[in-house]
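Chemist: Build me a model from this:
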Amino acid sequence: MIIMPETTKETGEGVIQRAAQAFLSHKPGLLIGGKEVPIPAFSWGLATFPTDGETAPALFAVADKALYQNRVNKGD
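Modeler: Numbering: from 1, shown residues only. Next up is the predicted model:
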């Protein structure tokens, strides 16, 4: 989870895209504790306050729904 106060949805999407590129550039896996750990996919969901919700549960619900939709669209 990344919380970015006073950030627009467009800025958030840019941050997520850069994070995904950095994360996935380590394929086929990350070296953790001397062992290679595979990275199967990078999925994300984004919600903004107050557009998508005004409470933490509402924002989590929107982000979770977006996460699921991204997984369906990408086949993850």
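
Chemist: Could you pull up phi and psi at the residue lying farthest from the centre of the chain?
Modeler: In the chain, the residue that sits farthest from the middle, by C-alpha atoms, centre = their mean, is residue 34; the gap is 26.3 Å. Phi and psi for residue 34, reported as degrees, to the nearest 10, are phi 80, psi 0.

Chemist: Name the surrounding residues that touch the helix or strand bottoming out on mean pLDDT in the chain.
Modeler: One helix or strand of the chain scores below all others by mean pLDDT, DSSP states H and E: strand 29-32, with a mean of 79. Residues outside strand 29-32 that contact it (C-beta atoms under 8 Å, 6 or more residues apart in numbering): 36, 37, 38, 39. Heads up, the C-betas are built off the backbone N, CA and C, glycines and all.

Chemist: Okay, now the unreliable bits of the chain?
Modeler: 26-27, 75-76 (pLDDT under 70).

Chemist: Helix, strand or coil: sort out the closest residue to residue 64 other than its chain neighbours for me.
Modeler: Excluding its sequence neighbours, the residue lying closest to residue 64 (C-beta to C-beta, 6 or more residues apart in numbering) is residue 45, at 5.8 Å. The three-state label given to residue 45 by DSSP: H, G, I helix; E, B strand; the rest coil is coil.

Chemist: check contacts around the residue most central in space within the chain.
Modeler: When C-alpha atoms, centre = their mean is applied to the chain, the residue found nearest the centroid is residue 44 (2.7 Å). Residue 44 sits next to 16, 20, 66, 67, 70 when contact means C-beta under 8 Å, 6+ apart.

Chemist: One more pass at 10 Å, please.
Modeler: 2, 12-13, 15-17, 19-20, 63, 66-67, 70-71 (C-beta atoms under 10 Å, 6 or more residues apart in numbering).
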